[in-house]
Each structure stands twice: as structure tokens, then as C-alpha cells.
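when you get a sec, could you give me coordinates for this:
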Amino acid sequence: MASEERVLTRIGDHTLPLSNLTKVLYPATATTKAEIIDYHHRIAPLLVDHIGDRGITLRRWPEGVEAESFFEKRCPSHRPEWVSTCPGPGGRRGGIQYCRFDDPAAFVWSANLAALELHSPMARCADIESPTMVVFDLDPGEPATIVECCEVALDIREVLDGLGLDSHPKTSGSKGLQLYLPLNTPHTHDHASSFALAVAQLLERHHPARVTSQMAKKLRPGRCSSTGVRTPGTRRPSPPIRCGAWPGPRFRPPSAGTRSSRGPKGGSSASRSVRFSIGSKISGTCSLPP
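Residues are numbered from 1 along each chain as shown. This next block holds a predicted model:
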């Protein structure tokens, strides 16, 4: 297929031109742009449920994951007229209009732009100053791994359970994981981030050898950094079931219906386990040192 060839496809009520469908975006797995678009077409209804009412930042890899990428906060002027926008924090000249993907076809359109990552804020378009979640971002410092972060996630969950608050884990797609706390009453971003920091500092005092509330890598060798995803503009968690920019496409198991638990303690075993299950199809157990 010539690089300039375009194919028209119908998604719901919209007709979209798709281009460069045979371009390989993931050389290690020979995954083409057509395959990425097809994947996003299939998961689009789920993504609408997760982030359809939030302003989206695109991260694009036009030449594939082994080439340079760039972030695109301002919704492109060449977007289709049916791709809506919503206000969000900007730069020195004030706020900007972010893309709002409230239609499954919008995710096909963004996949055609090689937007392999979509980042959404913790607030909805209708009220960008009020987050609907607190996100605990757990990042291991070598030689610690996701296993240690699983243990810290369980510690955080115990704190939240003691306060009568529900939480849901999600892998980050990289080395760590995130713990989501839904907010069902009005809060500010400062309030949410202060609460996340307070929980992290509490665990840091009780478990200084394996938890730090600091983000700096030099301060967390062998420990898991527990930080809150803070302001609405600078840090935006990536939603579940996105491909990401790795040698091969990855997804981040969704938080809905996900629980984590410690295995039984005691007996002759010198180890503990952390068990994750996602619905009825995906499960696993990580062995932990005593």
C-alpha cells in the first residue's frame, strides 16, 4: 500500500479516512497501524465509559515506538467536527481546549494519528477543579520490583479500608502499579493530593525500609515510592487497556472489578503471596519474602 493511500471506513454515524495502514508501529512484534486501529475500535466502548467525559492529552508516535514521540494537549484544529473539546489547564497564555472522546469513533480517529497513549485528568469536563478520584502512584526503585509495590498497595488498602473507603488497583503498564480511590463527594485537587501524601507519609514512618513518599529516584533504591497523582495539568494517569509505547503493545489491566489480597500467613512457608484477579479470566500470584 502506498504511503499516501487512504481508506474510508464507517464507524457508527461517522466516516473516517484512515492512512498508512501497513506502517509498522511496533517493530519488535511487527504490529501494524491497521492492527492498532482495529484494537482501538474494539475497546472504544469501554474507553468511552472510562474517559469519555474528560479532556484528553494525546501522546503520538507517528513513526512508531522506536522513533520520537510528542505530547499534544491542544485538540488538533484538523479534528473532525464531531470530535468535541473541553477546557483544561494550559500554559502561560491561559487554558486550552482538550479533545473530548465521547464517541467510539473518536478513538479510531486518534489511533489513526498513532496516539498510542491517551492521558486523562482526574476531573470531568463539567468541573475541572473537582477530581473524582485519588490515584496512588506506586513506582519501585531498583532492586525493588512490582512485587514490593504490591505489598505497599495492600498496606494502603488497609489504611483506606479502616476509613471505610474502597480502592481498586491497576498496573501502570511499566514497572509499578496504581491504586484508585473513587471520590463520591466534592473535593479539590489540593485536598486529594494532600490526602495521598498523608497516607504515603504514614506508611513511610511505619515501613521506612520499603516505602518512601519522595519521587526522586536517588531517594528510593530498594523501596517503593508512593505518591499521589497530583495537579490536573501536569500528571495525568493513562486509562486502562491502552497499548502504550513498549517494544510490543501492552495493556494496563482495568481497575473495575479488580481486587488484591495477601495469601495466608503462617505454616511452614517462609514466603507470602500477593494475588491479583481481574474478572474470571486473568489472575496471578506474586511470591513475597517474609
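
so where is the protein shaky, pLDDT-wise?
1-4, 91, 173-174, 218-220, 228-243, 245-290 (pLDDT under 70).

and the helices in it?
Per DSSP state H, the chain carries helices over the ranges 33-51, 104-112, 146-162, 189-206.

any chance of these in TSV, with mean neighbour count and distance to residue 87 too?
(Each C-beta comes from the backbone N, C-alpha and C, glycine too.) Output for the helices of the chain, formatted as TSV (neighbours: other C-beta atoms under 10 Å; distance: least, C-beta to C-beta, whole Å):
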stretch	mean neighbour count	distance to residue 87
helix 33-51	18	16
helix 104-112	23	17
helix 146-162	19	31
helix 189-206	17	15
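
now distance to residue 170 too, for those helices, in a markdown table please.
Shown next, in a markdown table, are those (distance: least, C-beta to C-beta, whole Å):
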| stretch | distance to residue 170 |
| --- | --- |
| helix 33-51 | 11 |
| helix 104-112 | 19 |
| helix 146-162 | 10 |
| helix 189-206 | 15 |
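
between those helices, which gets nearest to residue 13?
Closest of the helices of the chain to residue 13 is helix 104-112, at 7.8 Å (criterion: C-beta to C-beta).

follow-up on the earlier one: nearest to residue 93, out of the helices of the chain?
Here helix 189-206 is closest among these (C-beta to C-beta), at 21.1 Å.

by how many degrees do the closest one and helix 146-162 diverge?
Using axes from the mean of the first three to the mean of the last three C-alpha atoms, to 10 degrees, the inter-axis angle of helix 189-206 relative to helix 146-162 is 110 degrees.

summarise which helices and strands helix 189-206 is packed against.
strand 133-140, helix 146-162, strand 211-212, strand 224-228 (3 or more C-beta pairs under 8 Å, 6 or more residues apart in numbering; DSSP states H and E).

tell me how far the longest one is from the chain's mean position?
Going back to what we said before, that points to helix 146-162. 18 Å (C-alpha atoms, centre = their mean, to the nearest Å).

and the shortest one, by the same measure?
Computed by C-alpha atoms, centre = their mean, the chain-centroid distance of strand 211-212 equals 21 Å.

likewise the first one?
In this view, strand 133-140 has its centroid 10 Å away from the chain centroid, taken as C-alpha atoms, centre = their mean.

list the buried ones in it?
By 16 or more other C-beta atoms under 10 Å, the buried positions in strand 133-140 come out as 133-140.

and for the last one?
Of the residues in strand 224-228, those buried under the neighbour-count criterion (16+ other C-beta under 10 Å) are 224-228.

can you list the strands that it pairs with?
When pairing is defined by DSSP bridges, strand 224-228 lines up against strand 133-140 (antiparallel), strand 211-212 (parallel).

which stretch among the helices of the chain comes nearest residue 78?
Of all the helices of the chain, it is helix 104-112 that lies closest to residue 78, at 10.3 Å by C-beta to C-beta.

how about the CA coordinates for that closest one, as CSV?
The C-alpha coordinates for helix 104-112 follow below in CSV (Å, rounded to 0.1, in the frame of the first residue of the first chain):
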residue,chain,number,x,y,z
PRO,A,104,-16.2,5.4,19.9
ALA,A,105,-15.3,6.7,16.5
ALA,A,106,-13.0,9.3,18.2
PHE,A,107,-10.7,6.6,19.5
VAL,A,108,-10.4,5.2,15.9
TRP,A,109,-9.5,8.7,14.8
SER,A,110,-6.8,9.1,17.5
ALA,A,111,-5.4,5.6,16.7
ASN,A,112,-5.0,6.8,13.1
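
tell me which other helices or strands it touches.
strand 6-11, strand 14-19, helix 33-51.
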